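Pasting the sequence and the predicted coordinates here, then a few questions.
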Amino acid sequence: MTREVGREIECDPRSVITTGTFDGVHLGHQAIIHYLVERAGDGGVPTVVTFDPHPREVLLGQPIPLLTTLGERADALEALGVQRFVVVPFSRDLSLLEPEDYVRDVLVETVGMREIVIGYDHRFGRKARGDRAMLEALGPVLGFSVDVIPEQIEDDVTVSSTEVRRLLLEDGDATRAAHLLGRPYRITGTVVRGDQRGRTIGYPTANVRPGDARKLVPKRGVYAVRVRSADLEAGGMMNVGHRPTFETDGATTVEVHLFDLEADLYGRTLEVDVIARLRDEQRFDGVDALVAQLDDDAAAARSAIEDAAST
């Protein structure tokens with residue numbers, strides 16, 4: 001798959017494209033991509049045009065927690081058959097482009113487009129004035145066709161990145177989020193040195209720092225996880241929070257304890273798949289109470305991982 005950003009974008013008129021942030025590459029996105037690849041067939045180039053930073057971040061002036069970094073997004077889309085991953089730098093100037101200019105200048109003349117696949121509610125251009133009807137009117141003039149796929153619904157819920165973010169941030173519901181994503185939510189990061197207190201109580205942890213500061217970290221609490229690296233794979237449990245038993249004002253950390261594995265993980269990159277939420281973060285009266293709870297957490301995490309593997 002070619003990955004083109006900003007000035008690296010080269011016009012390819014064979015492109016069958018779809019556009020959007022595609023944050024999460026959830027089941028709704030996957031349906032669009034499957035259709036996109038099918039429409040491209042043998043002669044077309046299935047192409048995703050995405051944006052960075054997230055448009056809402058620019059327009060609202062506040063950070064948007066990302067379900068997937070650009071690299072994660074590209075990898076997921078490539079696995080689905082996308083051949084071009086085009087990143088258009090999003091700016092306020094771009095948001096002010098009239099939709100007709102955006103289609104002509106960006107999609108047709110910069111990226112190249114013979115066909116566009118859009119979701120049922122796709123809007124674009126200044127004041128979101130562009131829609132399906134406008135694309136269908138511009139198509140014969142600029143030389144492209146338009147295909148629309150319907151709303152994607154799972155268990156009476158419209159699949160959206162916003163809903164997945166809400167599940168993870170507000171509820172910590174990793175199980176439901178995985179259902180909408182079509183896979184467990186993943187945090188990729190580098191192991192950095194912590195205070196090593198976990199070693200003294202029999203539960204050594206790897207302090208994982210996400211590779212992108214914008215990466216969404218789920219609601220504080222304890223989770224069952226599966227962890228992968230270059231040469232290891234293990235189940236475990238993850239704590240997201242402030243470690244209230246030991247700290248009073250510590251920063252939020254992501255700490256992972258791996259089952260049945262002893263290894264020096266400092267400096268290594270770990271992929272942490274979040275399987276299920278076990279409980280809220282809480283403060284314990286002492287180390288003995290904490291260890292007793294961790295024993296219960298470990299048993300619950302092993303059970304959750306086993307259940308997930310069997311479904």
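Here it is on my side, so go on.

can you give me the helices for the stretch 151-300 of the chain?
For the stretch 151-300 of the chain, the helices defined by DSSP state H, counting those that start in this stretch cover 161-166, 174-181, 197-200, 287-310.

any idea which of the ones you listed is most buried?
Burial among the helices of the stretch 151-300 of the chain, expressed as mean neighbours by mean count of other Cβ atoms under 10 Å, is greatest for helix 174-181, which shows a mean of 22. Bear in mind the C-beta positions are built from the backbone N, C-alpha and C, glycine included.

before we move on, the earlier item: columns distance to Phe124 and mean pLDDT on top of the helices of the stretch 151-300 of the chain, output as TSV?
Rendered in TSV, the data for these read as follows (distance: least, Cβ to Cβ, whole Å; pLDDT from 0 to 100):
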stretch	distance to Phe124	mean pLDDT
helix 161-166	17	95
helix 174-181	24	96
helix 197-200	49	62
helix 287-310	38	93
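
Among the ones you listed, single out whichever gets nearest to Pro89.
Evaluated over the helices of the stretch 151-300 of the chain, closeness to Pro89 peaks at helix 161-166, with 19.8 Å, by Cβ to Cβ.

could you dump the helices of the stretch 151-300 of the chain to JSON lines with distance to Val87?
Compiled in JSON lines, the helices of the stretch 151-300 of the chain are given as follows (distance: least, Cβ to Cβ, whole Å):
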{"stretch": "helix 161-166", "distance to Val87": "17"}
{"stretch": "helix 174-181", "distance to Val87": "21"}
{"stretch": "helix 197-200", "distance to Val87": "39"}
{"stretch": "helix 287-310", "distance to Val87": "33"}
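
contacting residues around the closest residue to Pro210 other than its chain neighbours?
Leaving aside its sequence neighbours, Pro210 sits nearest to Gly189 (Cβ to Cβ, 6 or more residues apart in numbering; 4.3 Å). Contact partners of Gly189, counting by Cβ atoms under 8 Å, 6 or more residues apart in numbering, are Val208, Arg209, Pro210, Gly211, Lys215, Val254, Thr269, Leu270, Val272.

Check which helices and strands the host helix or strand of Thr18 sits against.
Here Thr18 is covered by strand 15-19, with elements defined by DSSP states H and E. In terms of contact count using 3 or more Cβ pairs under 8 Å, 6 or more residues apart in numbering; DSSP states H and E, strand 15-19 is assigned the packing partners helix 27-40, strand 45-52, strand 115-119.

Partner strands of the shortest one and their direction?
For strand 115-119, the pairing partners within the sheet under DSSP bridges are strand 15-19 (parallel), strand 145-149 (parallel).

so how far is the last one from its chain's centroid?
Between the centre of strand 145-149 and the centre of its chain there are 25 Å (Cα atoms, centre = their mean, to the nearest Å).

can you list the residues that contact that strand?
Strand 145-149 is touched from outside by 31-32, 35, 39, 114-120, 122, 132, 135-136, 139, with contacts defined as Cβ under 8 Å, 6+ apart.

between those, which is nearest Ala224?
For the contacts of strand 145-149, the closest approach to Ala224 (Cβ to Cβ) belongs to Ala31, at 28.4 Å.

still on that earlier bit, His179: which of the helices and strands packed on strand 15-19 is closest?
Of all these, helix 27-40 sits nearest to His179, with 8.3 Å by Cβ to Cβ.

need the strands for the chain, in chain order.
In order along the chain, the chain carries the following strands (DSSP state E): 2-5, 15-19, 45-52, 84-89, 115-119, 145-149, 153-154, 157-158, 185-192, 206-210, 221-229, 232-241, 253-258, 269-279.

Could you list the low-pLDDT ranges of this structure?
Scanning the chain for pLDDT under 70 picks out the ranges 152, 154-156, 195-200, 243-251.

again, only using 50
248 (pLDDT under 50).

How is it partitioned into domains?
Structurally, the chain divides into domains by automatic domain parsing as follows: 2-157, 184-310.

Met151 and Leu270: what is the separation?
To be clear, residue 151 is Glu; Met isn't right here. With distances taken as Cβ to Cβ, to the nearest Å, Glu151 is found 36 Å from Leu270.

quick one, which of those two is more surrounded?
A side-by-side neighbour count of Glu151 and Leu270, using other Cβ atoms under 10 Å, places Leu270 first with 23 against 12.
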